[in-house]
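Engineer: fold the following.
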Amino acid sequence: MLNHPLLKDKKIYLFDFDGTLVDSMTMWEDIDRRYLEACGIPVPEGLSERLIPLDEDATAAVFVELGCPGTPQSIRAEHDRMAQEEYEQRIPLKPGARELLEQLRASGAKLGIVSASTLPRMLPCIARLGLTGYFNIILPCGEYGLHKNTPEPYRLALQTLGLCAEDAVFVDDFHGNIKGAKQAGLTTIGVYDSVGNAGWATMQKTADLCVTSLSELLS
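Structural biologist: A predicted model of the protein is given here:
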């Protein structure tokens, strides 16, 4: 599918991290479930869909809203501890991710990550998976006060690399982020993730292309 007319002569492929390159979304669901259960709070329906586009501070605020004791800062600290262990030791790549990245690099395209996750979380995971040096830019949106459902992070990534929107493709598993990238003028690819399956129908109407696995993009 990399030979698709919409992808012809693209110079950079920007990827979401969680749920797109790495299979971490069920881990987040598990951490959220365990944390709420420890607080004696049932997991509300639709929580994962609500949390997907949020950064760490906004996620912690939701847990306070749900009745968890403590402050957003203390809740975030415990979530960070639980998640860091998973990123450093266990989270795998999504099917086809390594092969796709290698094929794109071999073609001369630049690679980047635009994520709501943090560098201290992503970098150890990237190193463990053997992908250090693959990416020309890794942009942790929260550190810039940016949100992926707006065009600003994609514009910043391209400006940093000296590239234009028409040169770029963005790949994500959440339709809200795809919408932000489209507003910035990027070509978009939606990829299925089971945690966000409630939004798959909307994704298919929003993204320029949709795949159920990154393996489908391999030539």
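Engineer: how distant is stretch 24-40 from the center of its chain?
Structural biologist: The chain centre lies 18 Å from the centre of stretch 24-40; the measure is C-alpha atoms, centre = their mean, to the nearest Å.
Engineer: likewise stretch 194-212?
Structural biologist: Put simply, stretch 194-212 sits 14 Å off its chain's centre (C-alpha atoms, centre = their mean).
Engineer: likewise for stretch 154-162?
Structural biologist: Offset of stretch 154-162 from its chain centre (C-alpha atoms, centre = their mean): 17 Å.
Engineer: go on, stretch 200-214?
Structural biologist: The answer for stretch 200-214 is 15 Å, by C-alpha atoms, centre = their mean.
Engineer: how about residues contacting that stretch?
Structural biologist: Stretch 200-214 has contacts (C-beta atoms under 8 Å, 6 or more residues apart in numbering) with 1, 4, 6-7, 20, 94-97, 100, 171, 174-175, 178-179, 182, 187-192, 196, 217. For the C-beta atoms, the positions are set from N, CA and C on the backbone; glycine is no exception.
Engineer: would you agree residue 219 is in contact with residue 102?
Structural biologist: No: at 11.7 Å, residue 219 does not count as touching residue 102 under the criterion of C-beta atoms under 8 Å.
Engineer: quick one, phi/psi of the residue of the chain most remote from its centre?
Structural biologist: Here the centre of the chain is the reference, and by C-alpha atoms, centre = their mean the most remote residue is residue 40, at 29.5 Å. Main-chain torsions, residue 40, degrees, to the nearest 10: phi 70, psi 30.
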